[in-house]
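*Asks:* Sequence plus predicted model, see below.
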Amino acid sequence: MLLEGVASVLAGVLTFAWPLITAVVLLYLIGFWALVTGVLKIASAVRVRRHLPGEVAQVLNGVVSVLFGLVLLVVPGLGLLAVVWWIAMYAVFRGLLLVTLAFRLRRHARPQTGAKAA
């Protein structure tokens, strides 16, 4: 736990010190991850094509991952912008869900008129 804590603090400090480098490293990590998993997905679809009907979906999944990984690695600026947009959409969507939940909870917490007290 101590080593994990030290590693986390170090990662946080480095992120604050070099945010652009951290973002670029993360972008390349995601790009390579998408590329490798896409190739593996295509390979597994080819191997199971005799046993799994509809493996076309798995091949398409792999192709999309490979293309996404290549875009991130070849055009990192576009990839950074895409990641920022996804984070922004996530934040807005999650915020709207939380606001909706807050209003529902507020309505639920109000005492019901006409209900008898126990």
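*Replies:* Right, received. Where do you want to start?
*Asks:* Could you list the low-pLDDT ranges of this protein?
*Replies:* Across the chain, the ranges flagged by pLDDT under 70 are 54, 111-118.
*Asks:* Packing partners of the longest helix along it?
*Replies:* What stands out as the longest helix in the chain, according to DSSP state H, is helix 76-109. Helices and strands touching helix 76-109, as assessed by 3 or more CB pairs under 8 Å, 6 or more residues apart in numbering; DSSP states H and E, comprise helix 19-47, helix 56-74. No exception for glycine: its C-beta is placed from N, CA and C like everyone else's.
*Asks:* Domain ranges for the protein, per the record?
*Replies:* 1-74, 77-109 (automatic domain parsing).
*Asks:* Tell me which of the ones you listed is the most buried.
*Replies:* Highest mean neighbour count of those: domain 1-74, a mean of 13 (counted as mean count of other CB atoms under 10 Å).
*Asks:* leaving aside the residues next to it on the chain, what's closest to V39?
*Replies:* In this structure, V39 finds its nearest non-sequential neighbour in V66, 6.3 Å apart by CB to CB, 6 or more residues apart in numbering.
*Asks:* any idea how far that neighbour lies from S44?
*Replies:* Remark: distance between V66 and S44 (CB to CB, to the nearest Å) = 13 Å.
*Asks:* OK, contacts around the nearest residue to R49 once chain neighbours are set aside?
*Replies:* In space, and not counting its chain neighbours, R49 is closest to E55: 4.9 Å by CB to CB, 6+ apart. Counting by CB atoms under 8 Å, 6 or more residues apart in numbering, E55 makes contact with 45, 48-49.
*Asks:* quick check, nearest of those to V24?
*Replies:* Distance to V24, by CB to CB, is smallest for A45 among the contacts of E55, at 31.6 Å.
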